[in-house]
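Chemist: Here's my sequence, what's the structure:
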Amino acid sequence: MDAAKVVDMLSDRDIWDLLESLDAKPEKKGNTYVCETVCHCGDKKKLFYYRDSKNFYCYTNCGSMSIFDFVSNTLDLTFIESLRYITKKYNIRDNGHFEEGFVFDKVENPGELLNKKLQRIEFPKIEVVDESVLKDFYNLYHKIWIKEGITVKSMKKYGILYSILDNQIIIPHRNEYGELIGVRCRNLKKELVDDGKKYMPIYYEGKVLKHPTGANLFGLDKNRQNIKKTKMCILFESEKSVLALDSMFPDSSIGLCVSGSNLTIYQLEILKKLGVEEVVIGMDKEFDELGSEEEIFYADKIKAVFKNKLAPYFKVSCIWDRENLLKKKDSPTDRGLLTFNKLFNNRIFI
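Modeler: Numbers count the residues shown, from 1 in each chain. Here you go, the predicted structure:
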């Protein structure tokens with residue numbers, strides 16, 4: 001099949017799905033998708049997909065790339081393997097007429113391909129941060145989280161603090177051994193929240209205390225034993241959801257936060273080492289009505305970003321609001337214990 005014809009048959013939605021399945025974390029900006037540089041295992045937002053030309057450009061390493069070049073670089077495939085991968089993944093056919101010698105072999109799913117790639121890359125180095133950076137913050141607990149059902153006991157357990165100077169809820173991030181590796185905040189100033197800076201790393205003495213959140217799972221140091229005991233964990237988007245679950249089940253929480261709406265290959269490896277048997281997907285709700293285009297797009301996203309990566313190793317279930325118990329953008333924990341229990345008990349296996 002002619003490669004140019006395949007490109008013509010790919011829709012913007014196909015490309016978006018491809019980027020999400022490869023954990024590029026795409027963002028729409030005008031007629032462009034801005035992504036992380038997964039083409040060379042980077043994490044900077046320097047990879048651009050131009051919808052008009054249907055071409056990629058990596059501004060840090062790879063330069064101009066076709067769709068097939070991008071897949072080749074990301075999954076370590078040859079050009080023809082990338083062509084075969086795309087046509088198989090999106091069921092592209094040319095009325096039964098193919099170029100001589102081209103065969104539609106079985107294509108491995110993204111989880112298997114990414115796992116093979118994982119064997120050839122190393123985890124990013126994460127520096128341990130000195131605990132003294134927390135000395136300027138206070139053991140105060142803001143009413144905004146208390147009203148949302150997060151107890152002071154849970155906030156103390158996770159080391160939540162408050163910055164009087166900057167009006168921020170301070171959220172220490174720790175690795176699986178309990179070592180401090182970064183500090184994020186929940187901004188309370190309306191102008192920052194309105195500017196899309198609700199959650200962000202904090203600055204300390206002119207240095208930003210950020211870390212590669214995609215190479216860690218928030219809450220693992222606190223919930224590791226419960227997860228090992230039950231052989232189950234729940235993946236949430238935000239730290240707040242982990243705290244809320246701990247407030248509901250203070251002695252048996254199995255919540256972890258992926259810090260976003262994607263599962264990285266590093267987080268997958270952490271889960272594999274935990275020995276869990278079931279992974280529950282508990283992402284924020286992204287649709288208003290069942291059966292809507294929004295719900296279909298959300299289901300495709302869950303499949304591409306989570307299920308395809310997890311399914312080779314775990315039983316996978318998903319908390320899915322089929323009774324309109326949540327509002328759009330709600331976490332499964334946002335409406336209290338009774339609602340969460342109902343959602344959890346009625347989760348679907350995918």
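Chemist: which other helices and strands contact the helix or strand hosting Tyr85?
Modeler: Using DSSP states H and E, Tyr85 sits in helix 79-89. Applying 3 or more C-beta pairs under 8 Å, 6 or more residues apart in numbering; DSSP states H and E, one finds that helix 79-89 contacts helix 3-9, helix 67-75. Placement of C-beta: from N, CA and C, glycine included.
Chemist: Pull out the CA atoms of the last one and give them to me as PDB.
Modeler: What follows is helix 67-75, C-alpha atoms only, in PDB (Å, rounded to 0.1, in the frame of the first residue of the first chain):
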ATOM      1  CA  ILE A  67       4.100   9.700  10.800                       C
ATOM      2  CA  PHE A  68       6.000   6.500  10.000                       C
ATOM      3  CA  ASP A  69       9.300   8.000  11.000                       C
ATOM      4  CA  PHE A  70       7.700   9.000  14.300                       C
ATOM      5  CA  VAL A  71       6.400   5.500  15.000                       C
ATOM      6  CA  SER A  72       9.800   4.000  13.900                       C
ATOM      7  CA  ASN A  73      11.700   6.200  16.300                       C
ATOM      8  CA  THR A  74       9.300   5.700  19.200                       C
ATOM      9  CA  LEU A  75       8.900   2.000  18.900                       C
END
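Chemist: and it with helix 79-89, angle?
Modeler: 100 degrees (axes from the mean of the first three to the mean of the last three C-alpha atoms, to 10 degrees).
Chemist: Give me the contact list for helix 67-75.
Modeler: Residues outside helix 67-75 that contact it (C-beta atoms under 8 Å, 6 or more residues apart in numbering): 3, 7, 10, 15, 18, 22, 38-40, 54-56, 62, 65, 77-79, 81-83, 85-86, 113-114, 117.
Chemist: Can you turn the buried subset of these into a selection I can paste into ChimeraX?
Modeler: Command for ChimeraX that selects the buried part of those, burial taken from 16 or more other C-beta atoms under 10 Å:
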select :3,7,10,15,18,22,38,39,55,56,62,65,77,81,82,83,85,86,113,114,117
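Chemist: just to revisit the earlier point, just the helices and strands packed on helix 79-89: most buried one?
Modeler: helix 67-75 (a mean of 22; mean count of other C-beta atoms under 10 Å).
Chemist: Which parts of the protein are helices?
Modeler: 3-9, 12-21, 67-75, 79-89, 110-118, 143-146, 152-157, 190-194, 220-230, 239-248, 265-274, 293-302, 308-310, 337-345 (DSSP state H).
Chemist: could you give the mean pLDDT of stretch 6-17?
Modeler: Taken as a whole, stretch 6-17 has a mean pLDDT of 90.
Chemist: Could you measure from Lys285 over to Glu237?
Modeler: 11 Å (C-beta to C-beta, to the nearest Å).
Chemist: Which one of these two is surrounded by more residues?
Modeler: Lys285 (22 against 17; other C-beta atoms under 10 Å).
Chemist: The more buried one is in contact with Lys329, isn't it?
Modeler: Yes. Between Lys285 and Lys329 there is a contact at 6.7 Å, judged by C-beta atoms under 8 Å.
Chemist: which residues are in contact with both of these two?
Modeler: By C-beta under 8 Å, 6+ apart, Lys285 and Lys329 have no common neighbours.
Chemist: contacting residues for the residue nearest in space to the middle of the chain?
Modeler: Centroid-nearest residue in the chain, with C-alpha atoms, centre = their mean: Asn262, separated by 1.7 Å. Shown here is Asn262, whose contacts under the criterion C-beta under 8 Å, 6+ apart are 20, 23, 25, 214, 305.
Chemist: picking up where we left off before, what about the helices and strands packed on helix 79-89, which gets the closest to Leu243?
Modeler: The closest of the helices and strands packed on helix 79-89 to Leu243 is helix 67-75. By C-beta to C-beta, the value is 34.5 Å.
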